[in-house]
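In: sequence and predicted structure, then a few things I'm wondering about:
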Amino acid sequence: MAAIRVTYVFDAYCGWCYGFGPAIRAFADANADTVDVKVLSGGLFRDDRALPLRDYPYIPQANVRIAQMTGVSFGEGYQQTLAAGDVVMDSMDAAVGLAALRSLAPDRALEFASAMQQSRYRDGASLSEPATYRAIAAERGLDPDAVERALHDPATKVAATADIRSVAELGVDGYPTLLVHTGTGVIRLGSPTSTGEQLTAAFLPLLTPTA
């Protein structure tokens, strides 16, 4: 059976996507022989919404709820940048970063998306800084120089823009969103608080001929 296409729409600056990270990774691992997961970057904080953390006063309380409902923890490095409030969240820069990493190892996009969010929400790194992606590259066995070149390649921004456009074409306006592409249409799977086991349980019935 051909692999079933699954699209994971996330935004690297989305706290709920960070909370969803363990679930989507568990789902992808459990169904590795069945699904082909494509990762698309959304555009939650871009253009006139690309602002410093201090301009989003709801975020600290939202983080508390995310931690309570998903079990993830927010690292000390992130808490320090949250308190300072001066890091600008720019989702276009993050989309370019994912596209740069993905260009070197396309089948590892989900891994890179996770690494980006860990860098942000564990260590407090900015997803607009080349140093962040160089560190991810070194940790993940990629050439940091090649990743930095990709960050500055105009084709990478074209790819990132295409991601955001594809998200709009899919009609997705909230993150995280997991979509299964079936012969009868596109089906949304789970919710931001779903576990990997719950995602798999909802997915398996879609494999039947009557799905």
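Out: Now that the structure is in, tell me what you want to look at.

In: C-alpha only now, for contacts and for neighbours.
Out: Will do.

In: tell me where the protein has helices.
Out: Per DSSP state H, the chain has helices spanning 15-30, 59-70, 76-84, 91-104, 109-121, 130-139, 144-152, 154-169, 196-203. These are given in chain order.

In: and of those helices, who's closest to residue 4?
Out: Among these, helix 196-203 comes nearest to residue 4, with 10.5 Å by CA to CA.

In: so that closest one versus helix 15-30, what angle?
Out: Comparing the axes of helix 196-203 and helix 15-30 via axes from the mean of the first three to the mean of the last three CA atoms, to 10 degrees yields an angle of 70 degrees.

In: for helix 196-203, which positions count as buried?
Out: Buried residues in helix 196-203, counting neighbours by 16 or more other CA atoms under 10 Å, are found at 196, 199, 200, 203.

In: what packs against that helix?
Out: In terms of contacts (3 or more CA pairs under 8 Å, 6 or more residues apart in numbering; DSSP states H and E), helix 196-203 is packed against helix 15-30.

In: tilt between the helix it packs on and helix 109-121?
Out: Our comparison of helix 15-30 with helix 109-121, counting by the same axes, to 10 degrees, yields an angle of 150 degrees.

In: counting neighbours, what do you get for residue 109?
Out: 20 (other CA atoms under 10 Å).

In: from residue 36, how far off is it?
Out: As judged by CA to CA, to the nearest Å, residue 109 and residue 36 stand 11 Å apart.

In: on that earlier part again, and the helices of the chain, which is most packed in?
Out: Per-stretch averages of neighbours, counted by mean count of other CA atoms under 10 Å, single out helix 91-104 among the helices of the chain, with a mean of 26.

In: please state the offset of stretch 153-167 from the chain centre?
Out: What separates the centre of stretch 153-167 from the centre of its chain is 15 Å, taken as CA atoms, centre = their mean, to the nearest Å.

In: and the contacts of it?
Out: Residues lying outside stretch 153-167 but in contact with it, judged by CA atoms under 8 Å, 6 or more residues apart in numbering, are 9, 40-43, 92, 95-96, 98-100, 103, 150-151, 173.

In: closest to residue 187 out of those residues?
Out: Using CA to CA, residue 9 is the member of those that lies nearest residue 187, at 13.2 Å.

In: contacting residues around the closest one?
Out: By CA under 8 Å, 6+ apart, the contact list for residue 9 reads 39, 40, 41, 42, 167, 172, 175, 176, 177, 178.
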